[in-house]
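A.B. asks: got a predicted structure here, sequence first:
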Amino acid sequence: MGETIVVGMADMKMCRVPDQITTLGLGSCIGLVLYEPRTHISALLHIMLPDSTTIKDNSNVAKFADTAIAKILQDFKKCGISPFMLNAKMAGGAKMFAFNNNDVFSVGKKNADAIKAILSRERIKLIAEDCGGNYGRTVVFSPEDFSFTIKSIGKQPVVI
Amino acid sequence: MATTKPDEYSDMYFDVLREISNIGTGNATSALSMLMDIDVDIDIPVTETVDFDSMAGILGGKEELAVAVLIGLSGDIDGMMMFLLDKHSADRIINGVQGKPEAGDISEYSEMDMSAMTEVGNILTGSYLAAISKYTGLTIVASVPQVAVDMAGAILDIPVSIYGSISDSVLLVQSKITNQYLSSEGYFLLIPTLESVDKLYKLLS
């Protein structure tokens, strides 16, 4: 049994067998897993906002969908892995409060949409997702069998 | 404000928030004391900036159950305001306002409990905003409150996604009330839009 690597908020890390990788308490943020099925080399990203280009301080690349994915694709390239070889799974993007009139409350959906657009552009296959709803999620990915387990309060864990 | 550098900007943002938060919190905690009809001691509020990743730690960790009351702000200030507390503290307050301060932890909130929490949040944020409004002369309109009970990390995604555009930390105002039955720590997060902070800054300086 390997270790469990923890990814913080607006953070990303690579992971290999036999370790697992997790990020805790996703609300509107999204946990995006990218993995290469042959080598099992994987990464988990905790993405907070959809787009770095509209933001004044965008120095933390891991915060935004566009810059975070661009950075991790570079890291995969260093391992000899091109984007089209990758599969993806994602979870999160919830709407934690039932307000309708404020843009901020749809940031979860915007995050999901932005990530999907980038995955499609990079020809990365989105294998499974568990996004939306009004509840928080903790996710754990196992590079060994590519299982992505999603835990929420008062719910049975979901594996995608 | 396009010419302002990010770090100057966030310094200014936090200064403005700290100033008006101190005004609001005192008023809000005395409202809570009156609401619960018990003598409570109110500590001087502590204002601190906390980085995103350690913020949930204040409530016991990202997966700890937390309770948040959120209201939207409009009028002269756009944005939102959150009253946030750990589940244990929320249980104390919910029991307290329902006249059973000795009751223990609540396993699952009933409709009545949720309604009590909403009302507490409403009164607290209302008196907080009234103080700010009186001090600045600005009109602040509060929306109907929404309550969420979930993992601390997930709830905090809302303030974080707003502060996230200018900074990697959030301004928390901690207020602590204690009496013989309870020791409740609650946090106020005032989250104006960047444009509203400009307005506040001009008013205060």
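C.D. replies: Sure thing, it's come through.

A.B. asks: give me the neighbour count for the closest residue in space to A:Phe105 that isn't next to it in sequence.
C.D. replies: In space, not counting the residues next to it along the chain, A:Phe105 is nearest to A:Phe99; the distance is 4.7 Å by C-beta to C-beta, 6 or more residues apart in numbering or on different chains. Backbone N, C-alpha and C define where each C-beta goes, glycine included. Applying other C-beta atoms under 10 Å in any protein chain shown, we find 19 residues neighbouring A:Phe99.

A.B. asks: and for B:Ile93?
C.D. replies: 24.

A.B. asks: point out where chain B drops to low pLDDT.
C.D. replies: Within chain B, the stretches with pLDDT under 70 are B:1-14, B:16-17, B:29, B:36-45, B:175-184, B:194, B:204-205.

A.B. asks: quick check on whichever residue of it sits closest to chain A: phi, psi?
C.D. replies: Nearest residue of chain B to chain A (C-beta to the nearest C-beta) works out as B:Gly153 at 2.0 Å. For B:Gly153, the backbone dihedrals (degrees, to the nearest 10) come out as phi -60, psi -40.

A.B. asks: what about the strands in chain B?
C.D. replies: For chain B, applying DSSP state E gives strands covering B:41-42, B:46-51, B:65-75, B:79-86, B:140-142, B:146-151, B:169-178, B:183-192.

A.B. asks: most tightly packed of the ones you listed?
C.D. replies: Greatest average neighbour count among the strands of chain B goes to strand B:79-86 (a mean of 24), per mean count of other C-beta atoms under 10 Å in any protein chain shown.

A.B. asks: quick one: that one near chain A?
C.D. replies: Yes - Strand B:79-86 is in contact with chain A by C-beta under 8 Å from any C-beta of the partner chain, via B:Met80.

A.B. asks: need the contact partners of that strand.
C.D. replies: Under the criterion C-beta atoms under 8 Å, 6 or more residues apart in numbering or on different chains, residues A:102, A:104, B:59-60, B:64-73, B:93, B:120-121, B:124-125, B:128-129, B:142, B:152, B:155-156, B:158-159, B:162, B:184-193, B:196 lie in contact with strand B:79-86.

A.B. asks: adjacent strands (with direction) for it?
C.D. replies: Sheet pairing for strand B:79-86, assigned by DSSP bridges, gives strand B:65-75 (antiparallel), strand B:183-192 (antiparallel).

A.B. asks: could I get those strands as JSON lines with distance to A:Thr22?
C.D. replies: What follows is these, written out as JSON lines (distance: least, C-beta to C-beta, whole Å):
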{"stretch": "strand B:65-75", "distance to A:Thr22": "19"}
{"stretch": "strand B:183-192", "distance to A:Thr22": "26"}
